[in-house]
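Asks: 3D, please:
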Amino acid sequence: MPRADQERFMSALLHMLVNRDGVPGTSEFARLAGYHGVPGDYCVHGTELFPIWHRVYLAEFEHALQAADRALGPDGALALPYWDWLDLDGAWPQQGVMPAILREYLPDLPAGLAAGGCGAVRDTVGAVPVVGGCTCGLPGGGRDTE
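Replies: As a prediction, this is how the structure comes out:
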């Protein structure tokens, strides 16, 4: 993926993290994190519902990403990129399973998450607990400013 496309993706993602009127937990990302079990204890990882739920979750996340892209000026023709979590030496310049662009723009990701492990995810308000044995979501509380 060209660097310009990676930066466009990250701009849209960071826009999704912005809280409405500076109120913690009101970002579009926080709304979607709620579907994914943050901050509650709902998580379907490891259940028979996972394939159905996750497909809808990713479609909703992609629609929100496209809306954020449009809000920033581009046309919204943006999609969630795919990377092979098992190919540690593949096309993504990465350490562990997290693409370098995510680690660059979100340096506060826990080391365990960036390397593919589980751990608490920190937001601007505090720690989000590990849910159902997995780390559900990224910084769920969002940011106060862009």
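Asks: what is the top helix by length along the chain packed up against?
Replies: In the chain, taking DSSP state H as the definition, the longest helix is helix 50-71. On a contact count with 3 or more CB pairs under 8 Å, 6 or more residues apart in numbering; DSSP states H and E, helix 50-71 meets helix 3-16, helix 28-35. Just so you know, the C-beta spots here come from the backbone N, C-alpha and C atoms, and that holds for glycine as well.
Asks: minimum distance to E104: which of the ones you listed has it?
Replies: Checking these against E104 by CB to CB gives helix 3-16 as the closest, at 8.2 Å.
Asks: quick check: buried residues in the closest one?
Replies: 6, 8-16 (16 or more other CB atoms under 10 Å).
Asks: switch those over to CSV; also include distance to L78 and pLDDT.
Replies: Below are the buried residues of helix 3-16 laid out as CSV (distance: CB to CB, whole Å; pLDDT from 0 to 100):
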residue, distance to L78, pLDDT
Q6, 11, 92
R8, 7, 96
F9, 6, 95
M10, 11, 95
S11, 10, 96
A12, 6, 96
L13, 10, 94
L14, 13, 94
H15, 11, 95
M16, 11, 95
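Asks: distance to H54 for the residues you listed - can I get that in JSON lines?
Replies: Shown next, in JSON lines, are the buried residues of helix 3-16 (distance: CB to CB, whole Å):
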{"residue": "Q6", "distance to H54": "23"}
{"residue": "R8", "distance to H54": "24"}
{"residue": "F9", "distance to H54": "20"}
{"residue": "M10", "distance to H54": "22"}
{"residue": "S11", "distance to H54": "25"}
{"residue": "A12", "distance to H54": "20"}
{"residue": "L13", "distance to H54": "18"}
{"residue": "L14", "distance to H54": "23"}
{"residue": "H15", "distance to H54": "23"}
{"residue": "M16", "distance to H54": "18"}
